[in-house]
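Asks: missing the sequence, but the structure's below:
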């Protein structure tokens, strides 16, 4: 869809792009096709899409035979979407909805050009669903994509990891068997162009059973420790976790007492959570 077409449609339905909702409409067909191709859409696949906007991605998914459920917060698009697609459109705020109820049982995929402001929350709701999706392909801010990819390869040694970790990168790493950047997407691929670059990220989630088997502890318990660890990023991890004399536990997991949360690998977070849990059980 060309910018002139988008402007015309927006004018007809009442106004321009909503800045509060972070609306940037994808106009680059090569990026659109890259998203659909990476999602490995097969006829009959159930797909959840957040923020369909004018339905460009929705239409591309439907053309491959996907059964699409799209959640759109902007009420202006209700009638327009109903006129251009036979996908199931749910009007409302995806952030406040129960994705477990929407996804239901059976295999599903999460494919979206996500509003930047809800990227981390949307990924958490998808990857932490009771029934995780078979595939996640999202177009997101490149800076966030870079953070996700830091721990996405499950590197096992601090020396091999020069970048800094984050809660979102840990969350993705704990829940997935693979994470990759499909391609970068320039600002000119959108109307209106955002102020930052974007990237398409493809994630293959693991089942809950496989996650616990891989890390030796439930990922929720690792994330509880990590949330405390990242509560004050500039402080040392031992302070955020109030380890006190028990700070030697950081040496035991192959780190050191002056380490910050951003410096731990996924395996070290898992080992730290296991050791802290064991100490509580002993005490």
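Replies: Perfect, thanks for sending it. Worth saying up front: this structure is predicted, and the values here are computed from it rather than measured. Numbering: from 1, shown residues only.
Asks: not counting sequence-adjacent ones, nearest residue to residue 272?
Replies: Excluding the flanking residues, the one nearest residue 272 by CB to CB, 6 or more residues apart in numbering is residue 253, at 5.3 Å. For the C-beta atoms, the positions are set from N, CA and C on the backbone; glycine is no exception.
Asks: wouldn't that neighbour be in contact with residue 268 here?
Replies: Yes: taking contacts as CB atoms under 8 Å, residue 253 lies within contact range of residue 268: 4.9 Å.
Asks: shared neighbours, these two?
Replies: Shared contacts of residue 253 and residue 268, defined by CB atoms under 8 Å, 6 or more residues apart in numbering, are absent.
Asks: sorry, back to before: residues contacting the residue nearest to residue 272?
Replies: 264, 268, 271, 272, 275.
Asks: backbone dihedrals for the first one, please?
Replies: Its backbone dihedrals place residue 264 at phi -80, psi 150, with angles given as degrees, to the nearest 10.
Asks: list the contacts for it?
Replies: Applying CB under 8 Å, 6+ apart to residue 264 gives the contacts 158, 165, 229, 237, 253, 255, 272.
Asks: now a ChimeraX select for only the buried ones of those.
Replies: Listed next is the ChimeraX selection for buried residues among these, using 16 or more other CB atoms under 10 Å:
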select :165,229,237,253,255,272
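Asks: just the contacts of residue 264: which has the poorest pLDDT?
Replies: The lowest pLDDT within these belongs to residue 158, with 39.
Asks: before we move on, back to that, closest to residue 5 out of the contacts of residue 264?
Replies: Checking these against residue 5 with CB to CB, the nearest one is residue 165 at 42.0 Å.
Asks: next, the closest one: secondary structure please.
Replies: Here residue 165 is recorded as coil under DSSP: H, G, I helix; E, B strand; the rest coil.
Asks: do the same with residue 107
Replies: coil.
Asks: if I look at it, how far off is residue 225?
Replies: 31 Å (CB to CB, to the nearest Å).
Asks: so those two - more neighbours on which side?
Replies: More crowded of residue 107 and residue 225, by other CB atoms under 10 Å: residue 225, with 22 against 13.
Asks: what about that one, helix or strand, and which?
Replies: Take DSSP states H and E as the rule and residue 225 turns out to sit in helix 219-229.
Asks: surely residue 172 is in contact with residue 150?
Replies: No: using CB under 8 Å, residue 172 is not in contact with residue 150, being 9.6 Å away.
Asks: who does the strand or helix carrying residue 213 touch, helix- and strand-wise?
Replies: Residue 213 belongs to helix 208-215 when elements are defined using DSSP H and E. Counting contacts by 3 or more CB pairs under 8 Å, 6 or more residues apart in numbering; DSSP states H and E, helix 208-215 is packed against helix 167-175, helix 219-229.
Asks: all helices of the stretch 1-150 of the chain, in order?
Replies: All helices of the stretch 1-150 of the chain, identified by DSSP state H, counting those that start in this stretch, fall at 3-13, 29-38, 56-63, 78-84, 99-103, 119-127, 142-152.
Asks: which stretch in these has the least confidence?
Replies: Lowest mean pLDDT within those: helix 3-13, a mean of 85.
Asks: show me the shaky parts of this protein.
Replies: When residues are selected by pLDDT under 70, those of the chain lie in 152-163, 281-283.
Asks: domains of it?
Replies: Annotated domains of the chain cover 3-206, 213-282 [automatic domain parsing].
Asks: hmm, back to that, return the most buried member of the helices and strands packed on helix 208-215.
Replies: helix 167-175 (a mean of 23; mean count of other CB atoms under 10 Å).
Asks: just give me the residue right at the centre of this structure.
Replies: Nearest to the mean C-alpha position of the chain, by CA atoms, centre = their mean, lies residue 123 at 2.8 Å.
Asks: kindly provide the distance from residue 118 to residue 110.
Replies: Note on residue 118: its distance to residue 110, by CB to CB, is 13 Å.
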